[in-house]
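S.K.: have a look at this prediction, sequence included:
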Amino acid sequence: MFGLHSIPSPWIGVPRRLGLALFRMHIENGAFVSLAMGVVGIVFALSFGRTVAILAASGALCASIVDKPGPITVKARMFALAVSGSTLIALFTMLFEHHVVLMGLLVAGMSFVSGLVSAYGRRAIGLSVSAVLALLFGFMANRNGLMPVYDYAGVFLAGGVSYAVFSLLGSVVLDIRNRRMFLGEAVHAFSAYLSAKAELYEPKARRRLALENLVERHAAFIEKLQAARDYIFLGRRTASRQRWMAALLALLDCFEAVVSSDADIETLRQSGHNDLLLRLKALTATFAADTEELALALSTPGINFVFNPHTQEILDLQAEVDRLAATAWGREPLAVSAFRSTGHKLAYGIARLERLAQATDNSADARRILPNVDLEAFVQRDKMDPRVLLGLFSLSSPVMRYAIRLTGAMTCGYLLTLLLPNMVHGGWVLLTT
């Protein structure tokens, strides 16, 4: 048996359900964003007073929209775009507030550009939200003339920069925790994939629904796996970082062993050997449960993982396959070969889980199991090349059509605020649009 002990903590035995719900990457990221916003607000309030703190917090909020877990270089680039862009939009909104045509052009231009940058993927959509928030703050924040427009823009910029600096420093300090969490999220997704595959071995399962669920879980795992690659495979190879690199490679081995048996699913289900199918289902479901326990141990204080090789279950499955093969009288039938192959692959995947757990142990020497290859070659580079936009200026481009629709909708929203100036708040109409 091999035990993986989680980070030392005064917490003893965090409830499993609480660990599944609370110690997740999106929860921790949300808590960190709240902390960063609080720090910026408190520092500015103590230094310059409540009014300045509120204005600075508006800049920090625009920066926080793009604060997602990821490599520090990517975060720095997104912060630079969000802070500079939102500051300019807030400034122009205040300058153009009493100029209907100029404000309309600003709204239309911002909307069109926001639509185009969606071509860069999910991360870039945060830039669009940040821009609209800046427009909202520009509409409402300085109407009482608390300070000159350029002073307001300076405070707004200072709040955004302060948030970005605090967040980037936090990313450096929490680097190992973040690597652990990225791996844990990938292991969680792999467990869900295994559970879906186990259900497909149920003889009475509705084949179409079970396959759809398996495909969805497969896609979700691949997304989490790539996100983990993009974070864990980057950076100087310190001893602690190498452990997470080796662990992620072990997880990939687990997945490849299991996914390689997908081609035999139809043969197994049509074989009529329901007893063997149920054995495969039980062993795969147990594998999924073990994997989830490992994910919990990676992220949750007070929860330990103990590897179980399930030797007896594997031997029983192999013995049943051998017994079935012995009755074939000659060449082994295709179904029997499929059961034998699937059993071997499942056993190999379970064995790889032990290697994954060993790699994440604090005492492990990852250099012994980490191949001497350039792992950064497997990282998906998050580039925002402006040349990408040149190919979008055509009505055949879905991104261009989206940008046009968004521009039209936002412009109509702005016109609505002009038609009903005493009934609606302009910024909120544009934000909900």
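M.R.: That came through, no problem.
S.K.: SS state for Val306?
M.R.: strand (DSSP: H, G, I helix; E, B strand; the rest coil).
S.K.: can you read off the pLDDT for it?
M.R.: pLDDT for Val306: 85.
S.K.: go ahead and confirm Ala134 touches Ala60.
M.R.: No - proximity of Ala134 to Ala60 does not meet the contact threshold set by CB atoms under 8 Å, at 11.9 Å. For glycine as for every other residue, the C-beta is placed from the backbone atoms N, C-alpha and C.
S.K.: okay, helices next: where are they in the stretch 51-200 of the chain?
M.R.: 72-95, 100-117, 122-140, 149-173, 175-200 (DSSP state H, counting those that start in this stretch).
S.K.: nearest spatial neighbour of Leu91, chain-adjacent residues omitted?
M.R.: Closest residue to Leu91 apart from its sequence neighbours, by CB to CB, 6 or more residues apart in numbering: Ala153 at 4.3 Å.
S.K.: roughly how far does that neighbour sit from Phe166?
M.R.: To Phe166, Ala153 is 21 Å away according to CB to CB, to the nearest Å.
S.K.: okay, these two: which has more neighbours?
M.R.: Ala153 (22 against 19; other CB atoms under 10 Å).
S.K.: just send the helices of the stretch 51-200 of the chain back as CSV, with mean pLDDT too.
M.R.: Putting those into CSV (pLDDT from 0 to 100) gives the following:
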stretch, mean pLDDT
helix 72-95, 92
helix 100-117, 91
helix 122-140, 85
helix 149-173, 94
helix 175-200, 92
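S.K.: closest to Ala247 out of these?
M.R.: helix 175-200 (5.7 Å; CB to CB).
S.K.: after the closest one, next one along is what?
M.R.: helix 207-232 (DSSP states H and E).
S.K.: got the buried residues for that following helix?
M.R.: 210-211, 213-214, 217-218, 220-221, 224-225, 227-232 (16 or more other CB atoms under 10 Å).
S.K.: how close does the closest residue to Ser171 other than its chain neighbours get to Ser260?
M.R.: Nearest residue to Ser171 in three dimensions, chain neighbours excluded: Ile72, at 5.1 Å (CB to CB, 6+ apart). In this view, Ile72 and Ser260 are 36 Å apart by CB to CB.
S.K.: just Glu266 next, same as before
M.R.: 15 Å.
S.K.: and if you look at Glu28?
M.R.: 34 Å.
S.K.: comparing these two, which residue is more hemmed in?
M.R.: More neighbours surround Glu28 than the other of Glu28 and Ser260, with 17 against 14 (other CB under 10 Å).
S.K.: ok, the spatially closest residue to that one that is not a sequence neighbour - contacts?
M.R.: Here the nearest residue to Glu28 in space, its sequence neighbours aside, is Met181; by CB to CB, 6+ apart that works out to 6.6 Å. Contact analysis of Met181 by CB atoms under 8 Å, 6 or more residues apart in numbering lists 24-25, 28, 69, 298-299.
S.K.: and the furthest pair within the residues you listed?
M.R.: Pairwise over these, using CB to CB, the maximum falls at Pro69 and Leu298, 14.9 Å.
S.K.: which one of those two has more residues nearby?
M.R.: Neighbour count, other CB under 10 Å: between Pro69 and Leu298, Leu298 has more, with 27 against 19.
S.K.: give me the angle between the strand or helix carrying the more buried one and helix 175-200.
M.R.: Here Leu298, judged by DSSP H and E, is contained in helix 274-299. Between helix 274-299 and helix 175-200, the angle comes out at 170 degrees (axes from the mean of the first three to the mean of the last three CA atoms, to 10 degrees).
S.K.: what's helix 274-299 packed up against?
M.R.: Applying 3 or more CB pairs under 8 Å, 6 or more residues apart in numbering; DSSP states H and E, one finds that helix 274-299 contacts strand 2-4, helix 16-22, helix 175-200, helix 265-269, strand 305-307, helix 311-326, helix 334-360.
S.K.: most packed of the ones you listed?
M.R.: Most buried of those, by mean neighbour count (mean count of other CB atoms under 10 Å): helix 175-200, with a mean of 23.
S.K.: where does this structure dip in pLDDT?
M.R.: Along the chain, the model assigns pLDDT under 70 to residues 1-22, 141-146, 328-332, 363-378, 382-383, 423-427.
S.K.: if we use 80, what do you get?
M.R.: Along the chain, the model assigns pLDDT under 80 to residues 1-23, 97, 121-123, 139-147, 237, 239-240, 301-304, 327-332, 361-391, 421-428.
S.K.: counting neighbours, what do you get for Met384?
M.R.: 17.
S.K.: once you drop chain neighbours, what's closest to it?
M.R.: Met384 sits nearest to Tyr120 (CB to CB, 6+ apart), 5.2 Å away.
S.K.: hang on, the one you found packs against Pro386?
M.R.: No - taking contacts as CB under 8 Å, Tyr120 lies outside contact range of Pro386: 10.2 Å.
S.K.: which of those two has more neighbours?
M.R.: For Tyr120 versus Pro386, neighbours defined as other CB under 10 Å are more numerous around Tyr120 (17 against 6).
S.K.: and that one, how far is that from Leu133?
M.R.: From Tyr120 to Leu133 the distance is 19 Å (CB to CB).
S.K.: and if you look at Leu294?
M.R.: On the measure of CB to CB, Leu294 and Leu133 end up 39 Å apart.
S.K.: then Gly70?
M.R.: Gly70 is 21 Å from Leu133, by CB to CB.
S.K.: what's the answer for His188, then?
M.R.: Distance from His188 to Leu133, by CB to CB: 31 Å.
S.K.: ok, Asp275 next?
M.R.: For Asp275, the distance to Leu133 - CB to CB - is 60 Å.
S.K.: follow-up on the earlier one: between the helices and strands packed on helix 274-299, which gets nearest to Phe32?
M.R.: Of the helices and strands packed on helix 274-299, nearest to Phe32 by CB to CB is helix 175-200, at 10.0 Å.
S.K.: tell me what angle that closest one forms with helix 149-173.
M.R.: 70 degrees.
S.K.: what angle do helix 175-200 and helix 334-360 make?
M.R.: Going by the same axes, to 10 degrees, helix 175-200 makes 160 degrees with helix 334-360.
S.K.: many thanks, I have nothing further to ask.
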